[in-house]
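Asker: just need the structure, nothing else, for what follows:
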Amino acid sequence: MARNTPRNPSDGVFRVDKFVVPAASLPAFVEQMREILQMFERLPGWRQKHLLTQFGGTGEFNVVTMVEWKTAGAMAVAQEIVQQRFAEQGIAPAQVLERLGVRSDRGFYIAG
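Answerer: Numbers count the residues shown, from 1 in each chain. Model prediction:
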């Protein structure tokens, strides 16, 4: 059974986003993800980030991002800051994904 909160407040929490990105959209999508992930590095509670692109295998998802935060609270604050920046810049993430033909699966995880 999945838990909604970490066992311990000091446990890291992870946001893992998986994407199916058409080949034609891959360069633009990866560049945009790099910019977003760089923004996280300056936010309180950030621990690490990864941007992975598939080079082999049979998996459906060809791009995966993983960001670790010190706490669920730090992750929530970061999400608010990023959403505010998107709004200030006139960026609608759902519309960008639709325009690029990207499908996503997103989730929040803790170490098992």
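Asker: how about the lengthiest helix in the chain: buried residues?
Answerer: As assigned by DSSP state H, the longest helix anywhere in the chain is helix 72-89. With burial defined by 16 or more other C-beta atoms under 10 Å, the residues of helix 72-89 counted as buried are 72, 74, 75, 78, 82. C-betas here are computed from N, CA, C, even on glycine.
Asker: could you point out which element follows that helix?
Answerer: helix 93-100 (DSSP states H and E).
Asker: give the buried residues for the helix or strand that that following helix is followed by.
Answerer: Where DSSP H and E defines the elements, the next helix or strand beyond helix 93-100 is strand 103-110. For strand 103-110, the neighbour count (16+ other C-beta under 10 Å) marks residue 110 as buried.
Asker: neighbouring strands - and their directions - for strand 103-110?
Answerer: strand 13-20 (antiparallel) (DSSP bridges).
Asker: which one of the buried residues of helix 72-89 is nearest to residue 62?
Answerer: residue 82 (23.1 Å; C-beta to C-beta).
Asker: the closest one is in contact with residue 37, isn't it?
Answerer: No - look at residue 82 against residue 37 with C-beta atoms under 8 Å: they stay out of range, at 10.4 Å.
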